[in-house]
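Peer 1: Turn this into a structure:
(one chain, ligands or ions: 2)
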Amino acid sequence: MPAPFLEIKELHKDFGGLTATNSVSFDMGRQEMVGLIGPNGAGKTTLVRLINGILKPDRGKVRFKGKEITGKKAYDIVNLGIASTFQNMRPFRRLPIIANVMVSCLSPRAMKRGEWVKKVEAKAMDALEFAGISDMALEKASTLSQGDLKRLEVARAVATDPELLILDEPFGGLSPAETELMAKSVARLHKGGRFGRLHSEGPAMIIIEHKLQQLMKIVDRIIVLNFGTIIADGTPQQVVEIPEVIEAYLGEGGV
Ligand SMILES: Nc1ncnc2c1ncn2[C@@H]1O[C@H](COP(=O)(O)OP(=O)(O)O)[C@@H](O)[C@H]1O
Ligand SMILES: [Mg+2]
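Peer 2: Ligands and ions are numbered 1, 2, ... in the order given. I've put the predicted structure just below:
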């Protein structure tokens, strides 16, 4: 049997006396688009940081395409094909938007893909177009609204040509109309195809989101975390009917 695309095995992280990730295990396939939900403080961000190398686990393993990547440096993990966007965005504020994305295009992974090297600027524009902010390419990143910063984050991640894309609250701070647009772009990217000069095989995705209605429309599987533990894993329709999930959310004012 081939190794799972992404394999998480008993991954564990404590912060002092607090267990943020409690021996979490799950597998995910190359074609999947997985939603990761749970109340505030459930450990969603910590879990994806253990996968993308921002944090090192106390115990447990992460394997990507059959190869162990546990504890590897974040930039090595990007080069293996896992890109992320972050809740707290840190663009180069004094640089134009386009330069922020060109930096991603210059990663060793992107450079290896031949064509990228010749047309870094054009590719960066395609990533911005994909994210819907190409008209602002020459403005400084410091001028962007919260919603447009989210799009810049997505453009930067997409420009590294990931096989697995991890999005931490991509709809956060977006208006309902912007959320709709972002959800559509993300779903389109997952399907794959051609975006200007950008070819995408369609990355697998893990999407952390609080806006469940919009999330449920685009993912095929939802994993629910509470107190660092997986309490449900199934189709969106299945998980919203599980009493434990409803209870975890009612504590926060309902789904
Ligand atoms: N760097 C850190 N140091 C100490 N505690 C942390 C740190 N990061 C997260 N935590 C704690 O771990 C728990 C899980 O946080 P987090 O993963 O950010 O949850 P979520 O993304 O689901 O809201 C929370 O109680 C949070 O306060
Ligand atoms: Mg979080």
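Peer 1: how far out from the middle of the chain is the helix or strand containing Tyr249?
Peer 2: According to DSSP states H and E, Tyr249 maps onto helix 243-250. Distance of helix 243-250 from the chain centroid (C-alpha atoms, centre = their mean, to the nearest Å) equals 24 Å.
Peer 1: got it, and stretch 235-254?
Peer 2: With C-alpha atoms, centre = their mean, you get 22 Å for stretch 235-254.
Peer 1: What residues of it count as buried?
Peer 2: Pro236, Val239, Val240, Val245, Ala248, Tyr249 (16 or more other C-beta atoms under 10 Å). Yep, even glycine has a C-beta here, placed from its N, CA and C like the rest.
Peer 1: of all the residues you listed, which two lie farthest apart?
Peer 2: Pro236 and Ala248 (15.6 Å; C-beta to C-beta).
Peer 1: related to what we said a few turns ago, report the mean confidence score over the helix holding Tyr249.
Peer 2: Helix 243-250 comes out with an average pLDDT of 82.
Peer 1: ok, now stretch 147-167?
Peer 2: Rounded mean pLDDT across stretch 147-167 is 91.
Peer 1: Pull up the distance across it, start to finish.
Peer 2: End-to-end distance for stretch 147-167: 14 Å, by C-alpha to C-alpha, to the nearest Å.
Peer 1: Identify each buried residue in that stretch, please.
Peer 2: For stretch 147-167, burial by neighbour count (16+ other C-beta under 10 Å) applies to 147-167.
Peer 1: any idea of the pLDDT on Arg197?
Peer 2: 64.
Peer 1: swap that for Val62, sorry
Peer 2: 98.
Peer 1: Check Val255 too.
Peer 2: 48.
Peer 1: for Leu106, same thing?
Peer 2: So, for Leu106, pLDDT stands at 74.
Peer 1: Going forward, the N-terminal residue is numbered 75.
Peer 2: Sure, I'll start counting at 75 from here, so that last one is Leu180.
Peer 1: show me the contacts for it.
Peer 2: Val194 (C-beta atoms under 8 Å, 6 or more residues apart in numbering).
Peer 1: Quick check: which element contains the residue of the chain found nearest ligand 2?
Peer 2: Ranked by C-beta to the ion, the top residue of the chain for proximity to ligand 2 is Thr119, at 3.2 Å. In the assignment (DSSP H and E), Thr119 maps to helix 118-126.
Peer 1: Contacts only, for Asn126.
Peer 2: Asn126 neighbours (C-beta under 8 Å, 6+ apart): Ala148, Ile151, Val152, Ile156, Ser158, Ile240.
Peer 1: Now it: closest residue in space that isn't a chain neighbour?
Peer 2: Leaving aside its sequence neighbours, Asn126 sits nearest to Ser158 (C-beta to C-beta, 6 or more residues apart in numbering; 4.6 Å).
Peer 1: following the helix or strand bottoming out on mean pLDDT in the chain, which helix or strand comes up?
Peer 2: Every helix and strand of the chain was ranked by mean pLDDT, DSSP states H and E. The lowest is helix 189-192, at a mean of 54. Going down the chain from helix 189-192, the next helix or strand is helix 194-205, by DSSP H and E.
Peer 1: Not counting its own residues, what contacts the helix or strand following that next one?
Peer 2: Following helix 194-205 in sequence order, the next helix or strand is helix 220-232 (DSSP H and E). Here helix 220-232 makes contact (C-beta under 8 Å, 6+ apart) with 157-160, 163, 165, 171, 174-175, 177-178, 198, 201-202, 204-207, 210, 215, 218, 239, 241, 244-249, 252, 256, 259-260, 263, 272, 274.
Peer 1: Buried among those? Make that a PyMOL selection.
Peer 2: Listed next is the PyMOL selection for buried residues among the contacts of helix 220-232, using 16+ other C-beta under 10 Å:
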select buried, resi 157+158+159+160+163+165+171+174+175+177+178+198+201+202+204+205+206+207+210+215+218+239+241+244+245+246+248+252+256+259+260+263+272+274
